[in-house]
Each structure stands twice: as C-alpha cells, then as structure tokens.
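S.K.: with the input below, show me the fold.
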Amino acid sequence: MPITMVLQEAETFEVETYKKPKDFKQFRETHVAFSGSPFKHPYDAEKMILVADPYSTNTFYYEFRADTVSFVEELPSIVNLDGETVMMARIWVKKKSVAVRCSPFVVEDLRLADKQL
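M.R.: Numbers count the residues shown, from 1 in each chain. As a prediction, this is how the structure comes out:
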C-alpha cells in the first residue's frame, strides 16, 4: 500500500496539550525526539502514527503507543506544490519504549529487470 494511501485513510488529530518539562536537560536523558506529521492510528485508539516526510517519494512512518509520548512541540506546517498543507510536530518518546518503523516499498524481482536490459 503506497504511503499516500495511508495519509488519505488516516485522520488527522489536534495535538493534545502537554506540559513542557521543567528540566529539559534531564528530560533529554530519558526521552528521544521524532519529527513528522502526526495521525491517528486507523484502528487502534491507543496508538499514533508519525509520517517522517509526508510529501517525499521515499518516506517511512513510525507507530508509537500514545502513552509513551510525553511531550509534543508543534513545528511549522509544510506545503506541497498543490498548496496542500500538513501539520508537523516533534514528539518526545520515552527511551526503551517499543515502537515500529515501517518503510513501504514496491515488491519487484530485480534479477528480471537486469535480464531485460
């Protein structure tokens, strides 16, 4: 399934309000930042999806449990050539949390492509 289909099927959501950490230096020792466009998970309300670069032809996305996200920073939105905008955010996830990184691709047999040349 192309990443554009994932973007069309998933619903966007408003970033919930999180309190900014008092000691950001200590916070960075216990959390890792990820940037991208956040979306609701299509079928699991306890998870979220973060598309790293939504308008790229070679993108990937992360899947996190919502309870592992401790802080969200809103970043400037990005705009494509058609004028469509996508909200971007930096999320801070607790270290040692289990997440998924998915890289969609088209399945092809490269051996056959070499023979056709």
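
S.K.: quick one: low-confidence parts of the protein?
M.R.: In the predicted model of the chain, residues 1-19, 112-117 satisfy pLDDT under 70.

S.K.: give me that answer again for 90
M.R.: Along the chain, the model assigns pLDDT under 90 to residues 1-28, 55-59, 80-84, 104-117.

S.K.: what residue lies at the spatial centre of this protein?
M.R.: Computing the C-alpha centroid of the chain and ranking residues by Cα atoms, centre = their mean puts L50 first, at 1.6 Å.

S.K.: quick check: bridge partners of it?
M.R.: P38, Y62 (DSSP bridges).

S.K.: wait, it touches T59, no?
M.R.: No. Between L50 and T59 there is no contact under Cβ atoms under 8 Å: 11.0 Å. For every residue, glycine as well, the C-beta is placed using N, CA and C.

S.K.: re earlier: list the residues that contact the residue nearest to the centre of the chain.
M.R.: Counting by Cβ atoms under 8 Å, 6 or more residues apart in numbering, L50 touches 34-39, 61-64, 89, 91.

S.K.: and the helix or strand hosting W92, what's buried?
M.R.: Per DSSP states H and E, W92 falls inside strand 85-94. Neighbour counts using 16 or more other Cβ atoms under 10 Å place 86-89, 91-93 of strand 85-94 among the buried residues.

S.K.: output the residues you listed in JSON lines; the columns should cover distance to R111.
M.R.: As requested, these are exported to JSON lines (distance: Cβ to Cβ, whole Å):
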{"residue": "V86", "distance to R111": "37"}
{"residue": "M87", "distance to R111": "42"}
{"residue": "M88", "distance to R111": "39"}
{"residue": "A89", "distance to R111": "42"}
{"residue": "I91", "distance to R111": "40"}
{"residue": "W92", "distance to R111": "44"}
{"residue": "V93", "distance to R111": "39"}
